[in-house]
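1. Show me the folded form of this:
(chains A and B)
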Amino acid sequence: MTLQQQIRRNRLKSGIVIFGFVLLLGVVAGLIGAVLDLRLGVAALLGSVLYAIFAIGSSRRMVARMTGAQEIGPEQLRPLRRIVENVSIAAGLPVTPEIRIVDDPAPNAFAAGIRPQTSYLGVTTGLLRAMPQRELEAVLGHEISHVRNRDTYLMTMATIFAGVIALIADIGFRMLLYGGGRSRRGGGAVVIVLAVVGLLLAPYAALLLKLSLSRRREFLADAGSAEILNDAEAMALALRRLQLDTTTVAYADASVAHLWVESPTSRVESERRGVLALSSLFDTHPPLEQRIAALEESGGFRLPEQLPADAPFAVELGLT
Amino acid sequence: MLWLWIGLGVLAILVVLVVVGYNRLVRLRNEAGTGWANIDVQLQRRADLIPNLVEAVRGYAAHERGVFEEVTKARSALQRAGTPASAGEANELLTAALGRLFAIAEAYPELRASENFLRLQDELTDTEDKISAARRYYNTTVMHYNTGIQSLPWVLVARPLGFSEKEFFAAEGDVAVPEVAFTPST
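-> Model (predicted):
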């Protein structure tokens, strides 16, 4: 599949997902309108659409704040910038994404932005200190694949809608419970029960929709990195290195967890839980073991027991 | 009557298939075109750096005329090259000539310490990396495009419709980066 085909397919998928979210939003607003007050339902719908528009506009800044990513000057970290430039060129991106640094010992990276032109990559100092150049390139290749495939757009939309749906379902639910008979529009007991169940389940439906998307994107981005750099082993090595590392990102916020190259929260735990199929439904990322296996299969290699002991890229950058 | 409708239906399906397939080929061709433009930008940047580099070295090693000539010739061959394959070849020659130039520079400690020279050298290394990155992208797009027009049924009509195969931008010496004994200035 070529780049443009991939992008078109992702755009289509984004459209379907957004449609799914809007439908879900409509159901929630409809339930509120039906059992509480019609005007309330309309207000909830309008309010959430407005909020979504606002959130899309400010998502770039919001992500930076939630991850603690700092801009760097044009002359800083030039070797790193060069790698990003080269990987972007190899990926066929029209522009090189900006780089932002997250001062955090946990090795991780993320991509953010609605369009490739305004996207940026966040890289933790821990990543620079852990990864030798080859593996760092692979991780950046993974993030650049997210930008190239418009995953960042898709996931931003999914996050915003999942958040909005959870919020108004929660408000509706509370009003239904505590609002008493005053605001209730009557209707049979069946309608009320349906509304309660619907409002309770809607946020989970939204979350599951978002997370299943997020996990699929990760496999795609791993494959993208392998294709861009023509080096599936580098990506697998990088993932193995991440697996062996147990630090978690201090700034990690669950609402942006899906952006990172690996789950920034307590990974070890989720890896163990991985056996329980149901709970892994709530993971943002597939288990690293599965991602490594997928790379090994497509690349036709086996990872060595020992990771290469090359000097981390931070040495080249003069970071200590 | 029924057969007429069936015939029309089949015809409509065929038309849709042709339109979709044709548009796909156009898209693939444009992708390869963009890929080539990316390489061209980097080749141009490389060619632009060379006169300055030659001047910088000439200031310290004026009598090494043979190498300067070789580099200049390779540069103009690269600028004249019209096809991806010939550009790839010229680019290789330029890489070899630059390798000799840098080998000569080894013998002049003052040159090696010159800020200007180090900067140019660094930029050239960077450009070479970018050419090879752009080449990877271009060759992938060319592969998809060529496969597209070589597969049935397009292989029968691609040529009359103006789709001809594109050349790869090959560079044998991708791994043989000119050996330079300096520590990178970055």
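
2. Near residue A:37, how many other residues are there?
-> For residue A:37, the count of nearby residues is 17 (other CB atoms under 10 Å in any protein chain shown). For the C-beta atoms, the positions are set from N, CA and C on the backbone; glycine is no exception.

3. Tell me the spacing between it and residue A:29.
-> From residue A:37 across to residue A:29, the span is 11 Å (CB to CB, to the nearest Å).

4. wait, what's in contact with whichever residue of chain B sits closest to chain A?
-> In chain B, the residue that lies nearest chain A is residue B:133 (4.0 Å; CB to the nearest CB). Counting by CB atoms under 8 Å, 6 or more residues apart in numbering or on different chains, residue B:133 makes contact with A:86-87, A:89-90.

5. Does it lie in a helix or a strand, and which?
-> Per DSSP states H and E, residue B:133 falls inside helix B:115-150.

6. May I see the buried residues of that helix?
-> For helix B:115-150, burial by neighbour count (16 or more other CB atoms under 10 Å in any protein chain shown) applies to B:117-118, B:120-142, B:144-146, B:148-149.

7. what's the answer for stretch B:95-104, then?
-> B:95-99, B:101-102, B:104.

8. likewise stretch A:31-51?
-> Buried residues in stretch A:31-51, counted by 16+ other CB under 10 Å: A:31-37, A:40-41, A:44-45, A:48.

9. Stretch A:54-69 too?
-> Buried, per 16+ other CB under 10 Å, within stretch A:54-69: A:55, A:59-60, A:62-64, A:66-69.

10. In TSV: those residues, plus distance to residue B:43.
-> As requested, these are exported to TSV (distance: CB to CB, whole Å):
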residue	distance to residue B:43
A:55	43
A:59	38
A:60	34
A:62	41
A:63	37
A:64	36
A:66	42
A:67	38
A:68	40
A:69	35
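
11. What is the nearest of the residues you listed to residue A:103?
-> Of all the buried residues of stretch A:54-69, residue A:68 has the smallest distance to residue A:103: 7.1 Å, by CB to CB.

12. how close does the closest one get to chain B?
-> From residue A:68 over to chain B the distance is 27 Å, taken as CB to the nearest CB, to the nearest Å.

13. does that residue really touch residue A:104, like I thought?
-> Yes: applying CB atoms under 8 Å, one finds residue A:68 in contact with residue A:104, separated by 7.2 Å.

14. if I pick the closest residue to chain B within the stretch 201-320 of chain A, what's in contact with it?
-> Per CB to the nearest CB, residue A:230 is where the stretch 201-320 of chain A lies closest to chain B, at 6.5 Å. By CB under 8 Å, 6+ apart, the contact set of residue A:230 is residue B:136.

15. still on that earlier bit, check the gap between the residue of chain B closest to chain A and residue B:86 for me.
-> Distance of residue B:133 to residue B:86, given as CB to CB: 21 Å.

16. quick one, the lengthiest helix in chain B and helix B:115-150 angle?
-> The residue-count maximum for a helix in chain B (DSSP state H) belongs to helix B:2-58. Counting by axes from the mean of the first three to the mean of the last three CA atoms, to 10 degrees, helix B:2-58 lies at 160 degrees to helix B:115-150.

17. I'd like to check which residues are in contact with the residue nearest the centre of chain B.
-> Closest to where the C-alpha atoms of chain B average out (CA atoms, centre = their mean) is residue B:39, at 4.0 Å. By CB under 8 Å, 6+ apart, the residues touching residue B:39 are B:84, B:87, B:131, B:134-135, B:138, B:169.

18. Quick check: closest non-adjacent residue to it.
-> residue B:134 (4.4 Å; CB to CB, 6 or more residues apart in numbering or on different chains).

19. try residue A:30
-> For residue A:30, the spatially nearest residue (CB to CB, 6+ apart) is residue A:41, at 6.3 Å.

20. again, but for residue A:215
-> Distance criterion CB to CB, 6+ apart; nearest residue to residue A:215, sequence neighbours excluded, is residue A:286 at 4.9 Å.

21. who's in contact with that neighbour?
-> Contacts of residue A:286 (CB under 8 Å, 6+ apart): A:215, A:218-219.

22. What about these, which are in helices?
-> For the contacts of residue A:286, the ones inside helices are A:215, A:218-219, with DSSP H as the criterion.

23. Quick check on those: which are buried?
-> Buried, going by 16+ other CB under 10 Å: A:215, A:218, out of the ones in helices among the contacts of residue A:286.

24. In terms of secondary structure, what does the helix or strand hosting residue A:194 contact?
-> Element membership for residue A:194 (DSSP H and E) is helix A:189-229. Helix A:189-229 is packed against helix A:3-35, helix A:78-91, helix A:133-148, helix A:151-178, helix A:232-244, helix A:288-299, helix B:115-150, with contacts defined by 3 or more CB pairs under 8 Å, 6 or more residues apart in numbering or on different chains; DSSP states H and E.

25. right, so of those, which gets closest to residue A:115?
-> The nearest among the helices and strands packed on helix A:189-229, by CB to CB, is helix A:151-178 at 7.1 Å.

26. Please tell me how far the residue nearest to residue A:164 when sequence neighbours are not counted sits from residue A:161.
-> Leaving out its chain neighbours, the residue that sits closest to residue A:164 by CB to CB, 6+ apart is residue A:48, at 4.3 Å. Per CB to CB, residue A:48 is found 9 Å from residue A:161.

27. Spit out the residues that contact those two alike.
-> By CB under 8 Å, 6+ apart, the residues touching both residue A:48 and residue A:161 are residue A:25.

28. which other residues reach stretch A:20-33?
-> A:40-42, A:44-45, A:48, A:157-158, A:161-162, A:164-165, A:168-169, A:172, A:175, A:194-195, A:198-199, A:202, A:205-206, A:209.

29. re the thing from before, among the buried residues of stretch B:95-104, name the ones in helices.
-> Of the buried residues of stretch B:95-104, the ones assigned to helices by DSSP H are B:95-99, B:101-102, B:104.

30. could these be laid out in a markdown table, adding pLDDT?
-> Putting these into a markdown table (pLDDT from 0 to 100) gives the following:
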| residue | pLDDT |
| --- | --- |
| B:95 | 87 |
| B:96 | 87 |
| B:97 | 87 |
| B:98 | 87 |
| B:99 | 87 |
| B:101 | 84 |
| B:102 | 85 |
| B:104 | 83 |
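
31. gap between stretch B:2-21 and the chain center?
-> 42 Å (CA atoms, centre = their mean, to the nearest Å).

32. Quick check: the gap between the closest residue to residue B:127 other than its chain neighbours and residue B:131.
-> Distances taken as CB to CB, 6+ apart place residue B:46 nearest to residue B:127, at 4.5 Å, with adjacent residues excluded. According to CB to CB, residue B:46 and residue B:131 sit 7 Å apart.

33. between the two, what contacts are shared?
-> Common contacts of residue B:46 and residue B:131, defined by CB under 8 Å, 6+ apart, comprise residue B:91.

34. if we can go back for a sec, for the helix holding residue A:194, give the mean pLDDT please.
-> In this model, helix A:189-229 has a mean pLDDT of 80.

35. Just want the angle from that helix to helix A:232-244.
-> Going by the same axes, to 10 degrees, helix A:189-229 makes 130 degrees with helix A:232-244.

36. Off-centre distance for helix A:189-229?
-> Remark: helix A:189-229 is offset 11 Å from the chain centroid, using CA atoms, centre = their mean.

37. go on, stretch A:288-307?
-> 23 Å.

38. tell me the mean pLDDT over it?
-> 82.

39. now stretch A:26-44
-> 79.

40. Point out the residues in chain B that sit beside chain A.
-> B:27-28, B:31, B:34-35, B:38, B:42, B:126, B:129-130, B:133-134, B:136-137, B:140-141, B:144, B:186 (CB under 8 Å from any CB of the partner chain).
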